[in-house]
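Engineer: When you get a sec, could you give me coordinates for this:
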Amino acid sequence: MKDILSKTLLAYVFVIFIVTIVSGLVLSPIVTNYYVLGAVLVGMFIIFTILLFYIYEKYFKPIEKISHTMDKLLKGNYKARVHYSMNGTLADLSSKVNSLARNLSKLTIQEQIQAEQLSTVIDNSESALVLIDEKGYIHVVNRKFLSMFGGKVSDYIGFLYYDVLENEQIHHTVQETFLHEKNIKHLFSIGEEELDKQYLEIVGAPIFNDHGLLRGAVLVIYDITEFKNLEVMRKDFVANVSHELKTPITSIKGFSETLLDGAAEEPDTRHQFLKIINDESHRIKLLIDDLLILSKLEKDEMQIKPEEISTKLLFEDIHPIIDHKAQAKNIHFNSINEKEIMFVADLEKVKQILINLLTNAINYTSESGTITLEATESEHDVCLSVSDTGIGMSKEALSRIFERFYRVDKARSRDTGGTGLGLAIVKHIVEIHNGRIEVDSEVGEGTTFNIYLPKQQ
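Structural biologist: The predicted model follows:
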């Protein structure tokens, strides 16, 4: 049929013409009237040509159109349609071909949408994903994987996993997944420096076809650095609370036992020991108060009471408190507020932020040093800066100063009665105001804390 349809109509007319001539030659010996023979042959040629045109338009051309449309569909062009007027069975066939094309087009669009959705999900996953076939070639890597291990998609796709992935733990996970044909889980880390180290969990899952044969494996890599750090912080917190409470309680117990053993009869000794017991009790109270504040802040129980605050009045309230502490240590306290800035926040909590930071600045600044409180503004924020000329902090200390009980100088902090919770409280108060805190420090040069609070809550 395809060979018939591939021939042109002119070729078929030529065949009819040849058949007509041959018929004339065959009939000429037995016909006496050549005019009649010619008329018959011409009439026959015309009739057969008209019949050919009719059959071609009625059957061959519709079939040719349908065949041409089917060729396009087979090549993946699902927008192709049969646009030709037909009758009977061919019209029904044409309608079914068009219906098939529409269904294939819808199916293709749905597959494209699903593929795009799947690609979007994979690329925006918070976990790194790698798809490896049964021969060890990589077929898929997502954006998170590239951010963890570097490189471009083209550096991985189409390569054997052990040629482009350097981590030995990944190699072991892939090999065990293929060998045991079950989910395999391992922990490993990347990065040499302790501060930049990432802790990762890798899970290898085998992929099977409908017949239960292994076709490959998918690797899912989770960044568990934050969980590791939280676990370390939790353990440190329990240990630190125990230590912070044990020291004053031991001291109170020891001195009270001494008093009970007879030292209470000596006035000078009694007064000295009672003063120590009082000081240690006060230290425990401060520690418990700070722990309760932190607990409320972390459980979202602490509600802010927004009110309009003037930086001029705020500085005037704080200045006498801090200036008195600074003068006791021969430190110059300077507050800079070139123009009055208005913003909305919880006044008492903002005072607590500044008093905590300024008290820390005094504690870590030597005599004759300087601490400065300054207010500036941008379009949406007010910036409260506290700077000092104190001992400064190392890079490692800067990454940990907001941890509970972390102290840059433990001996100096305890001598001044610090609980080690002040900066943790400051950070939480800033966060409940939807603000942010930045720290700049150099060892031996001093430290600057910048608190950015929105002008409107």
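Engineer: from what I can see Ala345 touches Pro306, true?
Structural biologist: Yes. The pair Ala345 and Pro306 passes the contact test of C-beta atoms under 8 Å, sitting 6.3 Å apart. Glycine gets a C-beta too; all of them are placed from N, C-alpha and C.
Engineer: Between those two, which is the more surrounded one?
Structural biologist: Each of Ala345 and Pro306 has its neighbours counted (other C-beta atoms under 10 Å); Ala345 has more, 24 against 14.
Engineer: partners of the more buried one in the sheet?
Structural biologist: Applying DSSP bridges to Ala345 gives these bridge partners: Glu307.
Engineer: low-scoring stretches of the stretch 151-300 of the chain, by residue?
Structural biologist: Across the stretch 151-300 of the chain, the ranges flagged by pLDDT under 70 are 193-196, 236-237, 240, 243-244, 297-300.
Engineer: contacting residues for the residue nearest to the spatial centre of the chain?
Structural biologist: For the chain, the residue nearest the mean C-alpha position is Glu126 (4.8 Å; C-alpha atoms, centre = their mean). Residues near Glu126 by C-beta atoms under 8 Å, 6 or more residues apart in numbering: 144, 223.
Engineer: Could you rerun that using 10 Å?
Structural biologist: By C-beta atoms under 10 Å, 6 or more residues apart in numbering, the residues touching Glu126 are 144, 222-223.
Engineer: what do you get for Val97?
Structural biologist: Here Val97 is in contact with 65-67, 69-70, 73, 80-82 (C-beta under 10 Å, 6+ apart).
Engineer: do Lys351 as well
Structural biologist: Contacts of Lys351 by C-beta under 10 Å, 6+ apart are 309, 314, 317-318, 321.
Engineer: ok, so of the residues you listed, who is nearest Lys182?
Structural biologist: Nearest to Lys182 out of those is Ile309 (C-beta to C-beta; 61.2 Å).
Engineer: which of the contacts of Lys351 has the most neighbours?
Structural biologist: Leu314 (23 neighbours).
Engineer: re the thing from before, now, among the contacts of Lys351, which is nearest to Ser242?
Structural biologist: Distances from Ser242 to the contacts of Lys351, taken by C-beta to C-beta, are shortest for Ile321, at 32.6 Å.
Engineer: For the closest one, grab phi and psi.
Structural biologist: Dihedral pair for Ile321: phi -60, psi -50, per degrees, to the nearest 10.
Engineer: I'd guessed it sits against Leu373; true?
Structural biologist: No. Counting by C-beta atoms under 10 Å, Ile321 sits too far from Leu373 to count as a contact (11.5 Å).
Engineer: what is in contact with these two at once?
Structural biologist: Contacts common to Ile321 and Leu373, judged by C-beta under 10 Å, 6+ apart, are 354, 358.
Engineer: so where do the strands sit in the stretch 151-300 of the chain?
Structural biologist: Listed from the start of the chain, the stretch 151-300 of the chain has strands (DSSP state E, counting those that start in this stretch) covering 184-190, 198-208, 214-223.
Engineer: ok, the shortest one: who's next to it in the sheet?
Structural biologist: So that's strand 184-190. Applying DSSP bridges, strand 184-190 is found paired with strand 198-208 (antiparallel).
Engineer: chain center to the partner strand, what's the gap?
Structural biologist: Distance, stretch centre to chain centre, for strand 198-208: 18 Å (C-alpha atoms, centre = their mean, to the nearest Å).
Engineer: and if you look at stretch 322-332?
Structural biologist: Worked out by C-alpha atoms, centre = their mean, stretch 322-332 lies 47 Å from the chain centre.
Engineer: For it, buried residues please.
Structural biologist: 322-323, 325-326, 331 (16 or more other C-beta atoms under 10 Å).
Engineer: now what about the one helix or strand His68 maps to, what contacts it?
Structural biologist: Using DSSP states H and E, His68 falls within helix 61-74. Here helix 61-74 makes contact (C-beta under 10 Å, 6+ apart) with 1-2, 4-6, 9, 53, 55-56, 77-91, 93-94, 96-98, 100-101, 104-105.
Engineer: buried sites along that helix?
Structural biologist: 61-66, 69, 73.
Engineer: Just want the angle from the next helix or strand after that helix to helix 61-74.
Structural biologist: Note on helix 61-74: by DSSP H and E, the next helix or strand toward the C-terminus is helix 88-123. Helix 88-123 runs at 10 degrees relative to helix 61-74, counting by axes from the mean of the first three to the mean of the last three C-alpha atoms, to 10 degrees.
Engineer: just checking, what packs against the very next helix or strand once past helix 88-123?
Structural biologist: Per DSSP H and E, the first helix or strand lying C-terminal to helix 88-123 is strand 128-133. On a contact count with 3 or more C-beta pairs under 10 Å, 6 or more residues apart in numbering; DSSP states H and E, strand 128-133 meets helix 88-123, strand 138-141, helix 143-149, helix 161-164, helix 168-180, strand 198-208, strand 214-223.
Engineer: So which bits of strand 128-133 are buried?
Structural biologist: Neighbour-count burial for strand 128-133 [16+ other C-beta under 10 Å]: 128-132.
Engineer: now do stretch 358-372
Structural biologist: 358-365, 369-372.
Engineer: What's the end-to-end length of that stretch?
Structural biologist: Stretch 358-372 has an end-to-end distance of 8 Å (criterion: C-alpha to C-alpha, to the nearest Å).
Engineer: measure the closest residue in space to Tyr78 that isn't next to it in sequence to His172 for me?
Structural biologist: Once flanking residues are discounted, Tyr78 sits nearest to Ser105: 4.0 Å by C-beta to C-beta, 6 or more residues apart in numbering. To His172, Ser105 is 47 Å away according to C-beta to C-beta, to the nearest Å.
Engineer: What number of residues are in the vicinity of Gln303?
Structural biologist: 9.
Engineer: same thing with Asn142?
Structural biologist: By other C-beta under 10 Å, neighbour count at Asn142 equals 20.
Engineer: Per the annotation, how does this structure divide into domains?
Structural biologist: Domains of the chain are assigned by automatic domain parsing as 2-114, 125-223, 228-298, 307-454.
Engineer: Just name the most buried of these.
Structural biologist: domain 307-454 (a mean of 17; mean count of other C-beta atoms under 10 Å).
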